[in-house]
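In: fold the following, please.
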Amino acid sequence: MPAQSAEQLWKAYNETTDTNGASYQTRWFGDQKNPTEVQALTDAVLNGTKTATTTPLDTYTNEQVAIPQPGDYNVLLNGDMKAVAIIKTVVSELIPFYRISAEHAWHEGDGDRTIGDWRKRKEEEFTPSLEAHGRSLSSDTPMVSEVFEVVYRAD
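Out: This next block holds a predicted model:
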């Protein structure tokens, strides 16, 4: 039975695992204003297609949000902003845009999963937000490259 809230899901997970006092943040992938997109990305995480993500470093700086670190926990929210799983960051690296690997692109699970398609999609995705903050996307733009795993599911 799915948990009612992030707090309840985290409590249920803690009853099965010793997290050594770790805390969690809530998280979703995609634009919160587009629940269909968020749900599709949540489904990709839950079915194992999406096990990685990339975000411009400037996004963390502009939003004053901590960069994910290995061992961080997040309660994954679906398109309805309901808690559905807990994911744990396994790897977090700072890498220039054009040094993101084909393997990482594959694990992001977007499009045809090739590095060429990934670069095209990410240029379209990242350019508007970078430009809104007076930046532009270049081959050297620092990216936070993250790998995560699902460690607990509400179902």
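
In: residues in contact with the closest residue to D31 other than its chain neighbours?
Out: Leaving aside its chain neighbours, D31 sits nearest to E37 (5.8 Å; criterion: CB to CB, 6 or more residues apart in numbering). Every C-beta, even on glycine, is put in place using the N, C-alpha and C of the backbone. Contacts for E37 (CB atoms under 8 Å, 6 or more residues apart in numbering) come out as 30-31, 79.

In: do you know how far E37 is from D43?
Out: Going from E37 to D43 by CB to CB, to the nearest Å gives 11 Å.

In: could you pull out the strands for the chain?
Out: Under the criterion DSSP state E, the chain contains strands at 24-27, 52-56, 73-77, 83-96, 142-153.

In: pull the residues that contact the third one.
Out: Okay, so that is strand 73-77. With contact meaning CB under 8 Å, 6+ apart, strand 73-77 is reached by 6, 9-10, 19, 22-28, 38, 42, 45, 83-89, 148, 150-151.

In: can you check the first one too?
Out: When contacts are defined by CB under 8 Å, 6+ apart, strand 24-27 is touched by residues 6, 10, 72-77, 83, 86-87.

In: give me the residue at the spatial middle of this structure.
Out: Per CA atoms, centre = their mean, the C-alpha nearest to the average position across the chain is that of T53, at 4.9 Å.

In: near R153, how many other residues are there?
Out: Taking other CB atoms under 10 Å as the criterion, the count of residues near R153 is 14.
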